[in-house]
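Engineer: I need the structure of the sequence given here:
(one chain, ligands or ions: 1)
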Amino acid sequence: MSIVRALAALLAVASAGAWAATAAALEHGEEIYSRCAACHSIEGNRTGPQHCGLFGRRAGTAPGYTGYSDAMKASGIVWNERTLDRFLRDPPRAVPGTAMTYAGVTDARERADLIAWLREATQPGRTCTIQR
Ligand code: HEC
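Structural biologist: Residues are numbered from 1 along each chain as shown. Down below sits the predicted model:
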């Protein structure tokens, strides 16, 4: 086998592996979201605010949701991978006074997979519709 063909074969294996890992991570993330589904859904406000449109949104501003704590509204957080990781690790510590009575997702791998899945599942107009 030529060097180029050998490299191409290696690359194909590597990228198939990376894709499989991503698909597995997303599947795992969706599983973790079942813990959130007691209070949340992607589309529609329940006990907690709707998650459609979460990335890039200011904390405390999901359309039509009236249950926010003053602490969340005043937090100044904009949701992205980093702020979600911090909040979901320990909600009452990240936002003291939050109305989200949930202890958090302490496992870093679980949080990473959950956040990766949320990023996919909360894209307005592509994977979900914001309820006004
Ligand atoms: C027991 C009910 C409950 C559970 C379980 C729960 N949440 Fe929440 N969540 C809430 C409530 C209530 C709020 C509003 C908090 C506030 O205003 O202080 C909230 C707020 C949020 C926010 C801020 C949203 C915004 O619009 O600013 C995010 C992000 C969030 N939750 C993610 C999650 C994720 C992810 C899980 C699962 C790991 C989860 N929550 C589990 C009730 C819950």
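Engineer: Excluding chain neighbours, what is closest to residue 40?
Structural biologist: Once flanking residues are discounted, residue 40 sits nearest to residue 48: 4.3 Å by CB to CB, 6 or more residues apart in numbering. No exception for glycine: its C-beta is placed from N, CA and C like everyone else's.
Engineer: What about that neighbour, how many residues nearby?
Structural biologist: Counted with other CB atoms under 10 Å, residues neighbouring residue 48 total 19.
Engineer: Could I get the contacting residues of it?
Structural biologist: For residue 48, the contact set (CB atoms under 8 Å, 6 or more residues apart in numbering) comprises 36, 39-40, 65, 67, 100.
Engineer: Looking at the residues you listed, which one is closest to residue 25?
Structural biologist: Residue 25 has its nearest neighbour among the contacts of residue 48 in residue 36, at 16.8 Å by CB to CB.
Engineer: Select from the contacts of residue 48 the one having the most neighbours.
Structural biologist: Within these, most neighbours by other CB under 10 Å means residue 100, with 23 neighbours.
Engineer: And stretch 82-96, what's buried?
Structural biologist: By neighbour count on 16 or more other CB atoms under 10 Å, the buried set for stretch 82-96 is 83-85, 87-88, 91, 94-95.
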